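Colleague: Sequence first, then the predicted structure:
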Amino acid sequence: MQRRGFALLPLALAALVVAEVAVFLAVAHAIGGGWALLLLAVFTLTGMALLRREGIRGWRAFRAAADEGRPPGPEVTNSLVGLGGALLLAAPGYLTSLAGLLLLVPPFRGVARRGVESFAARRIDPLVAGDLFGPRKVKVRRGDPVVVVPAQPSPAAQPSPAAQPSAAIEGEVIEGEVLR
């Protein structure tokens with residue numbers, strides 16, 4: 001499934017180029033060719049200046065979190081979203097500049113940061129995600145039955161089937177923190 005997404009990447013980039021040219025021509029028709037080029041140059045130069053600022057800001061936030069013993073994941077994802085927004089703003093084109101500006105505005109930046117965190121947390125080990133992003137929240141309703149499956153020892157160390165406990169134990173929900 002992931003290979004198919006990469007196979008469509010050249011087609012998506014070609015469609016983006018066609019859309020960027022169409023938008024540029026529409027803007028040039030509306031405000032004039034010289035003004036359209038000037039506006040595009042302003043967006044690109046602003047994006048380049050923001051790349052440096054976002055990189056330095058992200059590194060400082062990461063170092064501060066590491067020095068204080070806090071999980072650095074939120075700072076890293078926030079700076080990644082900021083760098084992505086600055087990079088899109090630096091790329092020549094009105095559509096990419098608009099996407100970059102949206103990633104730099106606080107409400108959209110927070111949504112994108114949470115999306116990047118959840119994307120990363122789904123693809124890495126839960127223990128690493130907890131170390132990187134802090135404790136994960138688990139939604140449980142009070143009174144729901146909980147099924148606990150005990151860890152099975154290795155096949156060589158298992159007693160006879162008659163002596164084994166039941167595979168699942170049902171009980172009440174207990175609020176608390178997962179330690180291991």
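Modeller: Happy to help now that I have it. Since this is a predicted model, take the numbers as computed values, not measurements.
Colleague: Which parts of the protein are helices?
Modeller: Ranges of helices within the chain are 2-7, 9-31, 33-68, 73-90, 94-104, 106-123, 126-133, based on DSSP state H.
Colleague: and those as a markdown table, adding mean neighbour count and mean pLDDT?
Modeller: Just so you know, the C-beta spots here come from the backbone N, C-alpha and C atoms, and that holds for glycine as well. Converted to a markdown table, those look like this (neighbours: other Cβ atoms under 10 Å; pLDDT from 0 to 100):
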| stretch | mean neighbour count | mean pLDDT |
| --- | --- | --- |
| helix 2-7 | 8 | 68 |
| helix 9-31 | 12 | 94 |
| helix 33-68 | 14 | 92 |
| helix 73-90 | 21 | 90 |
| helix 94-104 | 19 | 95 |
| helix 106-123 | 14 | 89 |
| helix 126-133 | 15 | 76 |
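Colleague: Can you pull out the residues in contact with stretch 70-90?
Modeller: The contact list for stretch 70-90, computed with Cβ atoms under 8 Å, 6 or more residues apart in numbering, reads 43-44, 46-48, 50-51, 53-55, 57-59, 61-62, 64-66, 96-97, 99-104, 109, 112-113, 116-117, 120, 129-134.
Colleague: now do 7 Å
Modeller: Stretch 70-90 is contacted from outside by 43-44, 46-48, 50-51, 54-55, 57-58, 61-62, 65-66, 96-97, 99-101, 103-104, 109, 112-113, 116-117, 131-134, using Cβ atoms under 7 Å, 6 or more residues apart in numbering.
Colleague: Which residue would you name as the spatial centre of the protein?
Modeller: For the chain, residue 116 is the residue whose C-alpha lies nearest the centre (Cα atoms, centre = their mean; 0.5 Å).
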